[in-house]
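Engineer: quick one, structure for this:
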Amino acid sequence: MIKKSIFVLASLGVCAGSASAQSSVTIYGVVDMSIQHENDGVRSKTALDSGQFYGSRIGFKGSEDLGGGLKANFVLENGFNADDGSLGQGSRLFGRASWVGLSGDFGAVRVGRMSSPIFIVADAIDPFDAGLTSGKAGQSTSTNGMLGIFRTAFRTDNTLTYNSNNIYGFSGAAAYTFGETAGNTSANRQIGLSLAYDKGPVYTGIAYQSVNDIFGNSTKQKLIGGTYNFGIAKAALAYQKNSSDLQTVNNKNWMVGVTVPVGPASKVLASYIRSTDNTIATANSGSQWALGYTYDMSKRTTLYTSYSGNSNQARSNIGGLAAANGLTDTLFNAGIRHKF
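Structural biologist: Next up, the predicted model:
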């Protein structure tokens, strides 16, 4: 992504006391639009939609050198629906990210709203980069690749996160989300952990996310997977198990995928996902096949298309995409993504 950098004097406004200091601020964004056609097993729908490959966004990020290797950093990232101009993420102003923190030789500490550690690992593995498949036509930025079927935790509010520096390919993260419930520190609390190795052709990661309800009962997500770049193709494999204290959640999900470069500017993407629900009331399985193609017109502009089809056993509806349990759901995308 090519980003336009500007420099603003830190002495402006309330910072007048340090007139000689400067902070670098980068403005960046994505505008993503596609034509979609979906059949949910009962009816068909065609729509012009936003954010199918990458969520449409505009962001601001910056850092200030505090000396001695210490930096102050921030990210404010707004998600929007390019098809109608409305705000995304539940009409939040900075629904994609809103955090501030410090970084240095010790790593990085951040506070605010940000992606969970398990999301970052899953996103690095999914050939479709958490997009293009598993979505509903006309529901902007609803596609989320394997993460929608895996039910992977996305973003967390009121979160304190530590990210280690990369050491010989290894890096880790720990996140604590404050439940902010008076008299009960475990209510609505979340804990996230991850460890990854990224060096040469190999990426592998393991992650854990615990999400508490208002009574302190926990739903746990455990993910392991990775990719290997053979040059002619990059293979991907992931497995995630979800369970809950109340035994209302008990499912296993796995994905195998591949990314194949076709010339210097094109890629073919493919994946197969299997999701098995082991809870007594809904025990059954479903699967998804997905095929996609991307073409980079430049470093900033990409054309893309994809087709995904979900099939379900009698009591299954993976991703909640079909009109009812046991039905199929198919989704076709053709769009353009522009970064700035």
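Engineer: buried residues in the helix or strand where residue 270 lies?
Structural biologist: Residue 270 is part of strand 266-277 when elements are defined by DSSP states H and E. Within strand 266-277, the residues scored as buried using 16 or more other CB atoms under 10 Å are 267, 269, 270, 271, 273, 275, 276, 277. C-beta here means a position set from N, CA and C on the backbone, and glycine is covered the same way.
Engineer: buried sites along the next helix or strand after that strand?
Structural biologist: Using DSSP H and E, the next helix or strand after strand 266-277 towards the C-terminus is strand 284-296. Neighbour counts over strand 284-296 (16+ other CB under 10 Å) mark 284, 285, 286, 287, 288, 290, 291, 292, 293, 294, 296 as buried.
Engineer: how about stretch 310-320?
Structural biologist: Using 16+ other CB under 10 Å as the test for burial, stretch 310-320 gives 310, 311, 312, 313, 316, 317, 318, 319.
Engineer: please name every helix or strand in contact with the longest helix seen in the chain.
Structural biologist: Ranked by residue count and defined by DSSP state H, the top helix of the chain is helix 117-125. Under the contact definition 3 or more CB pairs under 8 Å, 6 or more residues apart in numbering; DSSP states H and E, helix 117-125 sits against helix 145-150, strand 170-177, strand 190-199, strand 202-212, strand 218-229, strand 234-244.
Engineer: dump it to CSV, restricted to CA.
Structural biologist: Taking Å, rounded to 0.1, in the frame of the first residue of the first chain, the C-alpha atoms of helix 117-125 are listed here in CSV:
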residue,chain,number,x,y,z
PRO,A,117,-4.5,-11.7,18.6
ILE,A,118,-6.4,-14.7,17.2
PHE,A,119,-7.8,-12.6,14.3
ILE,A,120,-4.3,-11.5,13.3
VAL,A,121,-3.1,-15.1,13.2
ALA,A,122,-6.2,-16.3,11.3
ASP,A,123,-6.0,-13.5,8.8
ALA,A,124,-2.3,-14.3,8.0
ILE,A,125,-3.3,-17.9,7.1
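Engineer: what residues does that helix touch?
Structural biologist: 115, 129-130, 146-147, 150, 152-155, 161, 173-175, 192-194, 196, 198, 203, 205-209, 221, 223, 225-227, 236-238, 240, 255 (CB atoms under 8 Å, 6 or more residues apart in numbering).
Engineer: same thing with stretch 277-286?
Structural biologist: By CB under 8 Å, 6+ apart, stretch 277-286 touches 247-252, 274-276, 310-318, 325.
Engineer: go again with 10 Å.
Structural biologist: Here stretch 277-286 makes contact (CB atoms under 10 Å, 6 or more residues apart in numbering) with 149, 241-244, 247-253, 273-276, 310-319, 321-322, 325-326, 328-329.
Engineer: now stretch 195-205, how far from the centre of its chain.
Structural biologist: Offset of stretch 195-205 from its chain centre (CA atoms, centre = their mean, to the nearest Å): 18 Å.
Engineer: tell me the buried residues in that stretch?
Structural biologist: In stretch 195-205, counting by 16+ other CB under 10 Å, buried: 195, 196, 203, 204, 205.
Engineer: stretch 178-188 too?
Structural biologist: 179, 187, 188.
Engineer: how about stretch 157-170?
Structural biologist: Here stretch 157-170 shows 159, 160, 161, 162, 163 as buried, counting by 16+ other CB under 10 Å.
Engineer: can I get those in CSV including pLDDT?
Structural biologist: CSV is the format used below for the buried residues of stretch 157-170 (pLDDT from 0 to 100):
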residue, pLDDT
159, 98
160, 98
161, 98
162, 98
163, 98
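Engineer: mind checking which of the residues you listed land in strands?
Structural biologist: Here DSSP state E is the test, and the buried residues of stretch 157-170 give 159, 160, 161, 162, 163 as lying in strands.
Engineer: against residue 110, how distant is residue 302?
Structural biologist: 29 Å (CB to CB, to the nearest Å).
Engineer: ok, which stretches of the stretch 1-150 of the chain are strands?
Structural biologist: Here the stretch 1-150 of the chain has its strands, by DSSP state E, counting those that start in this stretch, at 4-9, 22-39, 44-50, 57-67, 70-81, 86-87, 97-104, 107-115.
Engineer: what's the angle from the fourth one to strand 97-104?
Structural biologist: Between strand 57-67 and strand 97-104, the angle comes out at 20 degrees (axes from the mean of the first three to the mean of the last three CA atoms, to 10 degrees).
Engineer: taking strand 22-39 as reference, get the angle to strand 57-67.
Structural biologist: Using the same axes, to 10 degrees: strand 57-67 against strand 22-39 is 150 degrees.
Engineer: buried ones in strand 57-67, by neighbour count?
Structural biologist: 57, 58, 59, 60, 61, 62, 64.
Engineer: if I pick the second one, what's in contact with it?
Structural biologist: Taking CB under 10 Å, 6+ apart as the contact definition, residue 58 lies against 27-31, 76-80, 94, 96, 340.
Engineer: all set now, cheers.
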